[in-house]
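Enquirer: what's the 3D shape of this:
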Amino acid sequence: MNDDITPDRARQLMGLLWRHELPPRPVGRGPKQTVTVDAVVAAAVALADREGYEKVSIRTVAAELGLRPMSLYTYVPSKDALAVLMVDAVADEDPPIPADLPPRERLAAVARRVRAEFVAHPWLLEVPPWRLVLGPGRMRRYERQLAAIEGLGMPDVVMDRVIAVLSEFAAGNARMAVAAARETGRMSDAEWWEVHGPLLAEVMPSSRFPLSARVGATVGELYQAPADPDGAFEYGLARLLDGILAGVSGD
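Expert: Below you'll find the model as predicted:
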């Protein structure tokens, strides 16, 4: 995101994010708008899902909507502002976590939904997450996440840290899962290993790397791939939940 933020630009972005909660703005002079900000954001999300974040620009989104590029500036002031709106729109799709689930499953749902969001919208990994302006979508999701762990006996700061740790773990694992999906789409793991396996055997003799050879052979047989993002996620999540719940119970 751009650091060149003035109070006027900040107010404009906040007004766009919270447009459905604020009183309607008076219609100004100039060309009449033919679509809505919602439609602009939806078109940008669809374009990013289809072609990647790097393809999203004021020009390309305008083309998606059949508009002239300059006219899109009457809806959003920049790509940076549009990205904030896109992130918030995706977050708003996250449904509540059922309150009747056991505590462990509610905690797991926080991480699983964050991971699923990144896997469904890989371009989110390219949007810097620091200092994203909070909109109603992200605030509603945070409220739902807090509601899922309310009543477990955690202090407020611990509740926030638990959500942060689960979310950051899920995001990191999602990055590997997205990379795996992209690469196997170009070349299967079996094809990659057929090319590189003999070469690696030449330069990495098992006598020099005995532990790597032993463990690598075991996991390679199990994964049939260089790694197992799904399995690593479930293993890591289980260990995280063990620690979180042990801390709550005081064990």
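Enquirer: State the distance from A99 to P24.
Expert: A99 sits 35 Å away from P24, going by CB to CB, to the nearest Å. For the C-beta atoms, the positions are set from N, CA and C on the backbone; glycine is no exception.
Enquirer: More neighbours: these two, which one.
Expert: Counted by other CB atoms under 10 Å, A99 and P24 do not tie: A99 has more neighbours, with 10 against 7.
Enquirer: Now stretch 71-78: buried residues?
Expert: For stretch 71-78, the neighbour count (16 or more other CB atoms under 10 Å) marks 71-72, 74-77 as buried.
Enquirer: okay, those residues in a markdown table with pLDDT, distance to V119 and secondary structure next?
Expert: A markdown table is the format used below for the buried residues of stretch 71-78 (pLDDT from 0 to 100; distance: CB to CB, whole Å; DSSP: H, G, I helix; E, B strand; the rest coil):
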| residue | pLDDT | distance to V119 | secondary structure |
| --- | --- | --- | --- |
| S71 | 92 | 34 | helix |
| L72 | 94 | 29 | helix |
| T74 | 92 | 34 | coil |
| Y75 | 94 | 29 | coil |
| V76 | 95 | 26 | coil |
| P77 | 94 | 30 | coil |
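Enquirer: Looking at those, which two lie furthest apart in space?
Expert: S71 and P77 (13.0 Å; CB to CB).
Enquirer: that older thread, is it possible to get TSV of the buried residues of stretch 71-78 that adds distance to E168?
Expert: Listed next are the buried residues of stretch 71-78 as TSV, based on distance: CB to CB, whole Å:
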residue	distance to E168
S71	39
L72	33
T74	37
Y75	32
V76	28
P77	30
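Enquirer: Which of these lies at the shortest distance from W18?
Expert: V76 (14.4 Å).
Enquirer: How about that closest one, nearest residue that isn't a chain neighbour?
Expert: L82 (4.6 Å; CB to CB, 6 or more residues apart in numbering).
Enquirer: The one you found and A46, how far apart?
Expert: 13 Å.
Enquirer: In terms of neighbours, single out the busier of these two.
Expert: The neighbour comparison of L82 against A46 (other CB under 10 Å) goes to L82, with 25 against 12.
Enquirer: ok, residues contacting the helix or strand harbouring that one?
Expert: For L82, the element it lies in under DSSP states H and E is helix 79-91. Applying CB atoms under 8 Å, 6 or more residues apart in numbering, the contact partners of helix 79-91 are 1-2, 12-13, 16-17, 37, 40-42, 44-45, 48, 53, 56-58, 61, 76, 117, 121, 124, 127, 132-133, 135-138, 140-141.
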